[in-house]
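> Provided below for reference: sequence and predicted model.
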Amino acid sequence: MTDRLYYNDAYLTRFAAVVKHVIPLDNHKQKVYLDRSAFYPTSGGQPCDFGTLNACPVTEVYVDDSGDVVHIIDGVLYPGIQVEGQIDWARRFDHMQQHAGEHILAGRVFMNLRGHTNGLHLGHADSSIDVDFPDGSMHLPDSILFRLEDEVNERIQSDLPIRCWFPDPDELKQLPLRKPPAEYEHIRVVQIGNDEFCACGGTHPSTTGQIGLFKLTDVRPSRGKLRFTFVCGKRANMSFRDHMETVKQLSALLSADLGNLPTAANDILSRYKNTLYTLNRERTDNARAQLIQFANTVPVVNGIKLVRFVFNGLDSEALKNAAAAINSQPNCVILLASRSSDNISLLFTKNSEVSLDMCALLRAACKAYGGKGGGTSDFARGSALDLRVLDEAERLITESLI
Ligand SMILES: [Zn+2]
């Protein structure tokens, strides 16, 4: 089985090993087995290390069913040769920061709130843990979250020692592990300070100070648990920088400093809503007036007053309002459309005396030129891509009257 060098030294970035076995893969790739490796394989929620074996890039590392570490490389190596492994330290150290920060958070969640953490997900942008609370809590007030965040950062600033080792079963049974292990043989323990003990195979810095900074970024229910999302170390700095950049841009746009941004945004939004409301009311009033004026010019033919009109950029509520202005007129059948940049809204309605079925008419007309809709025999709405739908509707009405 591969001797995993990272267990004893998370800072080992360069190592020599012998290639025991290779399996060729497609596209000039290989599975490579070594006698020893400092490459961390994807496991326990922590993604694998990247780096090189000789000059070959290592693009994936995992543990196979027999417990050996498998390195997927771009290139060709041969069994029996000695290789030099080089770990991508920036990636490894980032993972060490996130993983150790997770342990401190999970420890605080347990100590303060008796919440049980179910695994770690260390993602590309942020990381998360899912927590079960004894009382099934799916929400925590900001005061508790701020206290958790402060306590994690206090532990980071105290620069507590972090120790990773394989205790023998007797020692393991004496340790106050946050979660009891399923077995007692070959269990690796991570200890942070003197009150956080947890079984873990991950890579960690030697002291908490190296985590740098911890920030909760989101806490919300997920699949029956409460999900805590966070960033540590350089990721926390980058997140702060991104937030500051956004605040700067918003401050310049709204001419307001940080403290006044919510009020400034609220002012603009309420002015926008008022303007939109006034604009919509004016549009609707204009549409009603236009339609009344046009309907007055339409004669009754074969017992029907067919009012057909096309608007531009009117929403469906405004169309309905416009139709309501004339559909009390006797014998009235109203075919309205409104053009927008990507679509044509349709509204067919009629005076209740007329015995045509508006829903059937709209669907039949749409069939010819594409479109869809539904409604009742008095009132139907839909959408189409071609205004010739109105020609077709008019033709169908005439046909049914003749
Ligand atoms: Zn861990």
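Looks like it came in fine.

> give me the number of residues near T297?
Counted with other CB atoms under 10 Å, the neighbours of T297 add up to 7. Glycine gets a C-beta too; all of them are placed from N, C-alpha and C.

> The strand or helix carrying L216 packs against which elements?
Assessed by DSSP states H and E, L216 sits inside strand 214-222. The helices and strands touching strand 214-222, judged by 3 or more CB pairs under 8 Å, 6 or more residues apart in numbering; DSSP states H and E, are helix 89-113, helix 142-157, strand 225-232, helix 233-254.

> could you redo the last one with a cut-off of 7 Å?
For strand 214-222, the helices and strands in contact under the criterion 3 or more CB pairs under 7 Å, 6 or more residues apart in numbering; DSSP states H and E are helix 142-157, strand 225-232, helix 233-254.

> most tightly surrounded among those?
Greatest average neighbour count among these goes to strand 225-232 (a mean of 22), per mean count of other CB atoms under 10 Å.

> and the angle for it with helix 89-113?
140 degrees (axes from the mean of the first three to the mean of the last three CA atoms, to 10 degrees).

> Quick check: which element contains F15?
strand 14-25.

> returning to that earlier point: if we compare the helices and strands packed on strand 214-222, which one ends up closest to the ion?
Nearest of the helices and strands packed on strand 214-222 to the ion, taken as CB to the ion: strand 225-232 at 13.1 Å.

> What are the contacting residues of that closest one?
97-98, 101, 105, 118, 126-133, 137-138, 211-220, 239 (CB atoms under 7 Å, 6 or more residues apart in numbering).

> now check stretch 84-104, is it near the ion?
No - applying CB under 5 Å from the ion, one finds stretch 84-104 separated from the ion by no less than 5.5 Å.

> to the chain's geometric centre, what's the distance from that stretch?
Its chain's average C-alpha position is 24 Å from that of stretch 84-104, according to CA atoms, centre = their mean, to the nearest Å.

> Dump the C-alpha coordinates for it into CSV.
C-alpha atoms of stretch 84-104 as CSV (Å, rounded to 0.1, in the frame of the first residue of the first chain):
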residue,chain,number,x,y,z
GLU,A,84,10.5,13.3,-8.2
GLY,A,85,7.1,14.5,-7.0
GLN,A,86,6.4,18.2,-6.6
ILE,A,87,3.2,19.4,-4.9
ASP,A,88,1.4,22.6,-6.0
TRP,A,89,1.9,24.3,-2.6
ALA,A,90,-0.5,27.2,-3.2
ARG,A,91,-3.4,24.8,-3.7
ARG,A,92,-2.3,22.5,-0.8
PHE,A,93,-1.9,25.4,1.6
ASP,A,94,-5.3,26.9,0.6
HIS,A,95,-6.9,23.5,1.4
MET,A,96,-5.0,23.3,4.7
GLN,A,97,-6.4,26.7,5.7
GLN,A,98,-10.0,25.8,4.7
HIS,A,99,-9.9,22.4,6.4
ALA,A,100,-8.4,23.6,9.7
GLY,A,101,-10.9,26.5,9.8
GLU,A,102,-13.7,23.9,9.3
HIS,A,103,-12.5,21.9,12.3
ILE,A,104,-12.5,25.0,14.5
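
> returning to what we had before: show me what the strand holding F15 is packed against.
strand 29-34, strand 36-37, strand 82-87.

> Need those in CSV (columns: mean pLDDT and mean neighbour count).
Shown next, in CSV, are these (pLDDT from 0 to 100; neighbours: other CB atoms under 10 Å):
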stretch, mean pLDDT, mean neighbour count
strand 29-34, 97, 22
strand 36-37, 98, 21
strand 82-87, 98, 19
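
> Could you tell me the end-to-end distance of stretch 35-54?
With CA to CA, to the nearest Å as the measure, the ends of stretch 35-54 fall 15 Å from one another.

> would E171 count as being in a helix?
Yes - with DSSP: H, G, I helix; E, B strand; the rest coil as the criterion, E171 is located in a helix.

> ok and the strand or helix carrying R281 relative to helix 233-254, angle-wise?
Element membership for R281 (DSSP H and E) is helix 261-295. Inter-element angle recorded for helix 261-295 and helix 233-254: 50 degrees (by the same axes, to 10 degrees).

> which strands and helices sit next to whichever helix or strand comes after helix 261-295?
The helix or strand immediately downstream of helix 261-295 is strand 305-312, counting by DSSP H and E. Packing partners of strand 305-312 (3+ CB pairs under 7 Å, 6+ apart): helix 261-295, strand 332-339, helix 388-401.

> Pull out the buried residues from the last one.
So that's helix 388-401. Neighbour-count burial for helix 388-401, counted by 16 or more other CB atoms under 10 Å, picks out V389, L390, E392, A393, E394, L396, I397.

> Closest one of those to I156?
The closest of the buried residues of helix 388-401 to I156 turns out to be V389 (CB to CB; 66.2 Å).

> Name all residues that make contact with that closest one.
Contacts of V389 (CB under 7 Å, 6+ apart): L346, A365, C366, Y369, G371.

> tally of neighbours for the last one?
Pointing back at G371 there. 19.

> Can you give me every residue that contacts K305?
K305 touches V298, Q329, N331, C332, V333, counting by CB under 7 Å, 6+ apart.

> surely the last one meets L356?
Yes - the pair V333 / L356 is scored as a contact, 6.3 Å apart, by CB atoms under 7 Å.

> joint contacts of these two?
K350, I397.

> Pick out whichever of those two has more residues nearby.
Taking other CB under 10 Å, V333 and L356 do not tie; V333 has more neighbours (22 against 16).

> got the contact list for that one?
By CB under 7 Å, 6+ apart, the neighbours of V333 are I304, K305, L306, V307, K350, V354, L356, I397.

> Can you check the pLDDT for it?
At V333, the model reports a pLDDT of 96.

> Tell me the buried residues in the strand holding F15?
Buried residues in strand 14-25 (16+ other CB under 10 Å): F15, A17, V19, V22.

> Pull the residues that contact that strand.
The contact list for strand 14-25, computed with CB under 7 Å, 6+ apart, reads 5, 30-38, 77-86.

> likewise stretch 26-37?
With CB under 7 Å, 6+ apart as the criterion, stretch 26-37 contacts 2-5, 15, 17-25, 53, 68-77, 85.
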